[in-house]
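**Q** Requesting a structural model of the entry that follows:
(one chain, ligands or ions: 2)
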Amino acid sequence: MDFSFNARIEHAYTLPSALYTDPACLALERERVFHRTWQLVGRTEQVARIGDYFTVDVAGEPVVVARGADDQVRAFYNVCRHRAGPVALEQGNRQTFVCYYHGWTYNLDGSLRHAPEFEEVQDVDRRAMALRPVRVESWGPLLFVNLDPDAPSLTEFLGDIPQRTAGHRIGEMRWALRKDYEIACNWKVYVDNYLEGYHIPVVHPGLYREIDYDAYRVETFRYSSLQHSPIRGAESRGYGGERRYQPGPDDPPDAQYYWVFPNLMLNIYLGQMSTNLVVPLSHDRTLTIFEWYFLDADVPETRQKIDQVVKFGDEIQDEDIFICEHVQRGLNSRSYDRGRYSVKRENGVYHFHALVHEFLCSHVHTLER
Ligand code: FES
Ligand SMILES: [Fe+2]
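**A** Ligands and ions are numbered 1, 2, ... in the order given. Predicted coordinates for the structure are as follows:
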C-alpha cells in the first residue's frame, strides 16, 4: 500500500477513494491500524471481582479479559493452544477457563492447568502452552486492549486527555446506557465527518443555532484531537441538549469533544460523558456504539435526563447518517478520487488522514511472535 500524502494541508489531497471502497484496504487497515492501536473493549466494572471475565471481538481477533486470583486484570486471545477452540464465551465469573472443544483448562492468569489424556504426547512444554497474552490498560471507567506488543502505552496514546479532563471526574462516572447504530458507509467516512465542524451549518441547522460557529476550532495532538465548540448564551447546553447542570466555579468551562485514533470519540460535558466507538463491519458498513456515563447515574431523575440527551443525540446522528451514506455513494463514483481540505475548517480530518497514511504506508510493523 502506498499513496502520496502532502506534509502541508495547503497542498494536500484527501485519501484516495479506494481506501473507502475496496475490501482489500479494510483488511490492511485491520492489520496495520486496528491491530496496532488501543481499542476500547469495555468497562472496568465488568471485571470488578476476581474471576469476572468478558469476551470481545477486536477487529476480527477473539479476546477475553479477566480479573485473576491475584486481582490483576489481564487479557488473552480467546484461542485454545490445542486446536483453537474458545476458552470463554460471553461473560461471567469463573475460577478457570475450560476450553469448549476438548476441555483443556487454563488458570485466570492464562497458564495451562490441565490437558486431559495428553500423557503420551512428547515434547510438550506446558509453560509454553499458556494463552497468548494481550496488553490491557484502563483509564477511568474504560478498558482498552492493544494487540501490538510494541505499541506506545495507553498513557502515551491519550497524551494530555486525562489531565485536561481531570475536572470532569470521569473516574467517578457510572455507565448508564448503550445505543447502537448501523450505517452504510466506510468507517472513515463517519470519522471524517465527526472531525470537522465545517458541515454543521448545512447538515445540522438546529445545532448550528446552539453553538458559536465562528469560535469553533480543532486542536490536534500526536494520536488525538480536540474540538472546542463554545455554547451560545449564558445557559450551557451542549451536544447532549442537557440543561440541568449549571457550571460551578471549579467546573471546566466548556464541552470537550475528543477523538482518539483511530475509532474512538469521547464527548465530555459537565457531569456526563459519552463514548462513541466506530467499528467497521465491512468496507461499506459501520457500527457505531454510543455509551453514556453520568456522575449521578444512580439518582432517579437521571432516567428523564438520559431520555433528553439521547433524543437530541438521535437528531444529530440521523443527520450525520444521512450525509455519510450519500458520501459513501459519491466515493464509489467513477467521477471521484481525491478532494482538498479547508485549511481553516478541516485540519482535524487532515490530521486523521495523515495518521492513516503513517500507519498504512510505513513498512515498519510488528507481528506478534
Ligand atoms: S481446542 Fe481447546 S481443548 Fe481442544
Ligand atoms: Fe455531524
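**Q** what about A215, neighbour count?
**A** One way to gauge burial is a neighbour count; for A215, by other Cβ atoms under 10 Å, it gives 11. (C-beta placed from N, C-alpha, C; glycine too.)
**Q** Could you do R74 as well?
**A** Applying other Cβ under 10 Å, we find 20 other residues in the vicinity of R74.
**Q** give me the element it is part of.
**A** Assigned by DSSP states H and E, R74 falls within strand 73-77.
**Q** Output the contacting helices and strands for that strand.
**A** strand 61-67, strand 133-139 (3 or more Cβ pairs under 8 Å, 6 or more residues apart in numbering; DSSP states H and E).
**Q** Give me the distance between the first one and the centre of its chain.
**A** When distances are taken as Cα atoms, centre = their mean, to the nearest Å, strand 61-67 is centred 16 Å away from the chain's centroid.
**Q** That strand to strand 73-77, inter-axis angle?
**A** Compare the direction of strand 61-67 with that of strand 73-77 by axes from the mean of the first three to the mean of the last three Cα atoms, to 10 degrees and you get 160 degrees.
**Q** The strand holding R74 and ligand 1 in contact?
**A** No. With Cβ under 6 Å from any ligand atom as the criterion, ligand 1 is not reached by strand 73-77; the gap is at least 12.5 Å.
**Q** neighbouring contacts of the helix or strand just after that strand?
**A** Scanning the chain past strand 73-77 towards its C-terminal end, the next helix or strand to appear is strand 91-93 (assignment: DSSP H and E). The list of residues contacting strand 91-93 from outside it, by Cβ atoms under 8 Å, 6 or more residues apart in numbering, reads Q46, R49, G51, D52, Y53, F54, T55.
**Q** so what's the fourth one scoring on pLDDT?
**A** Same thing as D52. At D52, the predicted lDDT confidence score is 98.
**Q** Give me the most central residue, the chain.
**A** Among the residues of the chain, the smallest C-alpha distance to the mean C-alpha position (Cα atoms, centre = their mean) belongs to L264, namely 3.1 Å.
**Q** Report the rounded mean pLDDT for stretch 130-149.
**A** Averaged across stretch 130-149, the pLDDT comes to 97.
**Q** next one: stretch 18-36 to chain centre, how far?
**A** Relative to its chain's centre, stretch 18-36 lies at 16 Å (Cα atoms, centre = their mean).
**Q** gap between the two ends of that stretch?
**A** Taking Cα to Cα, to the nearest Å, stretch 18-36 runs 22 Å from one end to the other.
**Q** Check stretch 3-10 too.
**A** Using Cα to Cα, the end-to-end distance of stretch 3-10 comes out at 18 Å.
**Q** Centre of the chain to that stretch, how far?
**A** Taking Cα atoms, centre = their mean, the mean C-alpha location of stretch 3-10 is offset from the chain mean by 26 Å.
**Q** buried ones in that stretch?
**A** By neighbour count with 16 or more other Cβ atoms under 10 Å, stretch 3-10 contains the buried residues F5, I9.
**Q** Surely the residue nearest to the centre of the chain touches S274?
**A** No. Counting by Cβ atoms under 8 Å, L264 does not reach S274; the two are 11.2 Å apart.
**Q** interface residues of the chain facing ligand 1?
**A** The chain comes close to ligand 1 at residues C80, H82, R83, A84, G85, C99, Y101, H102, G103, W104, as judged by Cβ under 6 Å from any ligand atom.
**Q** Pick out the most distant pair among the residues you listed.
**A** Using Cβ to Cβ, the residues of the chain next to ligand 1 span at most 14.4 Å, a distance reached by A84 and G103.
**Q** quick one: low-confidence parts of the stretch 251-369 of the chain?
**A** 251-254, 363-369 (pLDDT under 70).
**Q** how about the helices in it?
**A** Remark: helices of the stretch 251-369 of the chain, listed N- to C-terminal, are 302-332, 347-361; assignment by DSSP state H, counting those that start in this stretch.
**Q** can I get the ones you listed in CSV with distance to Y194?
**A** Putting the helices of the stretch 251-369 of the chain into CSV (distance: least, Cβ to Cβ, whole Å) gives the following:
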stretch, distance to Y194
helix 302-332, 8
helix 347-361, 8
